[in-house]
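Colleague: Just a sequence and a predicted model for now, questions to come.
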Amino acid sequence: MKTLIIDDEPDNVRLLGLQLARHCPHVEIVGQFTDSTDGLRAILALRPGLVFLDIEMPVMNGFQLLERVGEINFHIVFVTAYDQYAVRAFRFSALDYLLKPIDTVDLIATVRRAETTPRINPQQLELMRQYYPSGPTGVDSFPKGRIALPHASGLVFVDTKQIIYCEADSNYTRFHLEGGEQYMVTKTLGDVQEVLETRDFVRVHRQFMVNLEHIRKLVKGEGTYLLLTSGVSIPVARQQKNRLMERFGWI
């Protein structure tokens with residue numbers, strides 16, 4: 001499998017090349033680049049099957065490079081330094097990534113996946129663009145206004161303020177919006193929680209996550225529940241009640 005390595009840090013390029021040569025000898029490294037422009041030229045000229053790509057590079061970052069490639073008919077493994085928000089973005093988009101310094105076991109497993117899934121799904125890349133932090137690391141680096149929802153026919157973009165609550169449905173999540181609109185997405189509620197918990201949403205039950213802005217009242221009794229602005233009642237798990245009150249600022 002013809003392979004390119006594109007990373008603006010020379011030491012990272014060299015070390016990854018050595019790891020591949022030692023542990024993945026069936027991978028043919030046809031180019032190693034520290035300049036994103038040179039890397040782009042190599043992709044267009046050499047038609048690789050696998051590209052290890054850093055995102056944060058000067059002149060042209062990884063996303064900009066891929067936009068110039070056009071149709072992507074090769075497997076991509078993003079290589080990045082650890083950042084909890086970036087990792088959430090990778091997980092939500094289900095794209096392959098490796099954290100620096102690269103673990104050999106992870107590298108071998110990633111190369112094996114590349115051999116069975118040769119192409120990237122454009123929808124995955126769009127999700128990655130939406131959720132990859134573009135500002136300083138931290139909660140505020142996630143865009144709060146809109147969210148991209150992957151569903152059967154593509155992506156739909158909605159304002160997070162319109163989302164009343166999210167409901168787990170096996171390995172899927174149903175988004176309930178204002179006006180009764182609903183979207184079923186191909187993500188578990190746990191996946192959704194990783195993205196939305198920084199945007200005024202809180203998991204109150206194994207099956208439900210609610211938008212704090214849409215809570216009308218908390219009702220206590222034999223079973224605690226929330227009354228939402230839509231009139232829907234959502235149960236609150238006992239272990240989540242204190243966390244909910246801390247997030248909402250209730251006394």
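Modeller: Done, it's in. Residues are numbered from 1 along each chain as shown.
Colleague: Would you map out the domains in the protein?
Modeller: 2-131, 146-248 (automatic domain parsing).
Colleague: Walk me through which strands the helix or strand where P150 lies pairs with, and which way each runs.
Modeller: In this assignment (DSSP states H and E), P150 forms part of strand 146-151. Strands that pair with strand 146-151, judged by DSSP bridges, come out as strand 154-159 (antiparallel).
Colleague: Other residues contacting the partner strand?
Modeller: With contacts defined as CB atoms under 8 Å, 6 or more residues apart in numbering, strand 154-159 is touched by Q123, E126, L127, G145, R146, I147, A148, L149, F175, L177, Y183. Every residue, glycine included, has its C-beta placed from N, CA and C.
Colleague: got a list of what the fourth one touches?
Modeller: What it means is G145. Contacts of G145 (CB under 8 Å, 6+ apart): D159, T160.
Colleague: and the gap between it and Q182?
Modeller: Here G145 is placed at a distance of 21 Å from Q182 (CB to CB, to the nearest Å).
Colleague: The first one too?
Modeller: Here the criterion is CB to CB. By it, Q123 lies 20 Å from Q182.
Colleague: So which of the two has more stuff around it?
Modeller: Q123 (16 against 10; other CB atoms under 10 Å).
Colleague: three-state assignment of M209?
Modeller: Following DSSP: H, G, I helix; E, B strand; the rest coil, we place M209 in the strand state.
Colleague: close enough to count as contact, it and T160?
Modeller: No - with contact defined as CB atoms under 8 Å, M209 does not count as touching T160 (12.0 Å).
Colleague: Can you pull the poorly scored residue ranges out of the stretch 101-250 of the chain?
Modeller: Scanning the stretch 101-250 of the chain for pLDDT under 70 picks out the ranges 118, 134-144, 152-153, 247-250.
Colleague: mind redoing it with 90?
Modeller: 115-159, 170, 186-187, 191, 194-200, 218-224, 238-250 (pLDDT under 90).
Colleague: can you give me the helices in it?
Modeller: Using DSSP state H, counting those that start in this stretch, the helices of the stretch 101-250 of the chain run over 104-116, 122-131, 189-196, 241-248.
Colleague: by contact count, what packs against the third one?
Modeller: Helix 189-196 is packed against helix 84-93, strand 163-169, strand 172-177, strand 201-205, strand 208-211, with contacts defined by 3 or more CB pairs under 8 Å, 6 or more residues apart in numbering; DSSP states H and E.
Colleague: That'll do, ta.
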